[in-house]
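1. how would this look folded up:
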Amino acid sequence: MNRRSATLEHYKAGMLLSGVGDALGYRNQLWEYNESGPVIHQELKELGGLKNIKAELPDWPVSDDTVLHLATAEGLATGKTGEELLHEVAARYVEGMKDMDGRKPGPSSMLGVSQLKPGEEGGYRVAYNPEGTGCGAAMRSMCIGLRYPKPDQLLSLVAVAVETGRMTHPHPTGFLGAVASALFTAYAIQRRPITTWGLGLLSEACPIAKNFVQGRGYAVEETERDWGYFCDKWQCPAERDEAYKSFSLSGWAGRSGHDAPMIALDALLGAGSDWEELMSRAGFHGGDSDSTAVIAACCWGLLYGTQGVPEGNYSNLEYRDRLERSAEQLYALSH
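-> Below you'll find the model as predicted:
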């Protein structure tokens, strides 16, 4: 692995490739909802393989994942902090929901955003939702690690991931997914060995998240009641579709806050610096493939840049400019 610290180019690659992973895994709704990994791989072969794919409109739009990831990133890029930042991000989620034609946002994301009242007292908070376990918070939180990449910023990282995560996914299985995605990109920037990421999540970040929730005094009882599932599942050790399915909450691999980052991490461990192998594992499986790929590809870009990625996969990606611009702004803020 490239041991040099993450440069501006790595930041730009992380944000850009997150969008690429999303567009490829989504394939304009065709692959996100295909539950057979072998069928997806066969269709990929018929397209001439990954190197033959030009991920551009109209056939390869980004999904709700990237629209909401950009909302988080562009909110963070304003440099605001504390409550002001949370209202900013909430406002951008509301705005992002206007850009969902053909992008298939999830039910918890739509419900949560419909309840947000940015600018009003506590308007970035929504009612506790026992169903808010999906991956919608995880898939849009990678950029938080780009804003708070240093070990001594862990408290800020966790606080922002929890509070932005629970704007739509107030259940710990949902918002701890946001903590995982943000933490893993910070670890990628720190060049921390991937084999230690899961342990860091459980032993460092989750206890901080629990203390933070208690300290904020919002929905504490419900959150503590439902806390165990996420951590229990992460204790489990990581044929692929079957293993992924066994991680999952509803049998739809990658659909939940705990297993989308889990599959992304598994893919990063298995693929090393091989982009095709990463996408094979994270983006082309019978599950919520865009949401697992959006996380994995962001971390991969932070580690390896765009080296070995076919240019067609990213050169004309929808929202490329916004992704790279937010990366530049987050890099500047983090330094």
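
2. Now do whichever strand or helix holds Ala161, average pLDDT.
-> Assessed by DSSP states H and E, Ala161 sits inside helix 154-165. Per-residue pLDDT over helix 154-165 has a mean of 98.

3. So which residues lie in contact with that helix, not counting its own?
-> 72, 76, 85-86, 89, 124, 137-138, 140-141, 144-145, 147-148, 174-179, 181-183, 186, 204-205, 208-209, 212-213, 216, 257 (Cβ atoms under 8 Å, 6 or more residues apart in numbering). Placement of C-beta: from N, CA and C, glycine included.

4. Going C-terminal from that helix, what's the next secondary structure element?
-> Counting by DSSP H and E, what follows helix 154-165 is helix 172-190.

5. how distant is that next one from the center of its chain?
-> On the basis of Cα atoms, centre = their mean, to the nearest Å, helix 172-190 is displaced by 8 Å from the centre of the chain it belongs to.

6. what does the average pLDDT come to for that helix?
-> Confidence for helix 172-190, expressed as mean pLDDT, is 97.

7. Which elements pack onto it?
-> helix 8-26, helix 142-147, helix 154-165, helix 197-200, helix 206-216, helix 228-235, helix 259-271, helix 289-304 (3 or more Cβ pairs under 8 Å, 6 or more residues apart in numbering; DSSP states H and E).

8. Tell me which of those helices approaches Asn129 most closely.
-> Nearest to Asn129, of all the helices and strands packed on helix 172-190, is helix 154-165, at 12.2 Å by Cβ to Cβ.

9. burial measure for Met110, as a count.
-> 14 (other Cβ atoms under 10 Å).

10. Doesn't Gly48 lie inside a strand?
-> No. Secondary structure of Gly48 (DSSP: H, G, I helix; E, B strand; the rest coil): coil, not part of a strand.

11. which residues does it contact?
-> Gly48 touches nothing, counting by Cβ under 8 Å, 6+ apart.

12. buried subset of the contacts of helix 154-165?
-> Those of the contacts of helix 154-165 that meet the buried threshold are 72, 76, 85-86, 89, 124, 137-138, 140-141, 144-145, 147-148, 174-179, 181-183, 186, 205, 208-209, 212-213, 257, by 16 or more other Cβ atoms under 10 Å.

13. lowest confidence element among the helices and strands of the chain?
-> Ranked by mean pLDDT, DSSP states H and E, the weakest helix or strand in the chain is helix 240-247, scoring a mean of 53.

14. Phi and psi next, for Pro61.
-> Recorded main-chain torsions at Pro61 are phi -70, psi 160, according to degrees, to the nearest 10.

15. Let me know how buried it is, in neighbour terms.
-> 22.

16. same deal with the one 5 residues further on?
-> Using other Cβ under 10 Å, the number of residues around Thr66 comes to 30.

17. if I've got this straight, it is in a strand?
-> No. The assignment for Thr66, made by three-state DSSP, is helix rather than a strand.

18. check contacts around it.
-> Ser18, Gly19, Asp22, Ala23, Val294, Glu318, Tyr319, Leu323.

19. Check which helix or strand the last one maps to.
-> Under the assignment given by DSSP H and E, the secondary-structure element containing Leu323 is helix 320-334.

20. quick one: the spatially most central residue of the chain and Asp321, what's the gap?
-> The centroid of the chain falls nearest to Met139 when counting by Cα atoms, centre = their mean (2.7 Å). Met139 sits 21 Å away from Asp321, going by Cβ to Cβ, to the nearest Å.

21. Low-confidence bits of the stretch 201-335 of the chain, can you list those?
-> Across the stretch 201-335 of the chain, the ranges flagged by pLDDT under 70 are 236-257, 286-288.

22. so where's the stretch 1-150 of the chain uncertain?
-> Looking at the stretch 1-150 of the chain by pLDDT under 70, you get 1-3.

23. how about the helices in it?
-> 8-26, 37-46, 64-76, 82-96, 107-115, 142-147 (DSSP state H, counting those that start in this stretch).

24. Check these for me and report the most buried one.
-> helix 142-147 (a mean of 30; mean count of other Cβ atoms under 10 Å).

25. coming back round to it: any idea which of the helices of the stretch 1-150 of the chain gets closest to Ala55?
-> So among those, helix 8-26 is nearest, using Cβ to Cβ, at 4.6 Å.

26. Who are the packing partners of that closest one?
-> Counting by 3+ Cβ pairs under 8 Å, 6+ apart, helix 8-26 packs on helix 64-76, helix 142-147, helix 172-190, helix 275-282, helix 289-304, helix 311-314, helix 320-334.

27. what about Tyr229, distance to Thr133?
-> Tyr229 is 8 Å from Thr133, by Cβ to Cβ.

28. anything in contact with each of those two?
-> Taking Cβ under 8 Å, 6+ apart as the criterion, Tyr229 and Thr133 both touch Thr173.

29. Which of those two has more residues huddled nearby?
-> Taking neighbours as other Cβ under 10 Å, Tyr229 and Thr133 compare with Thr133 leading, 26 against 17.

30. Is the more buried one in contact with Thr173, as I believe?
-> Yes. The criterion here is Cβ atoms under 8 Å, and Thr133 meets it with Thr173 at 4.0 Å.
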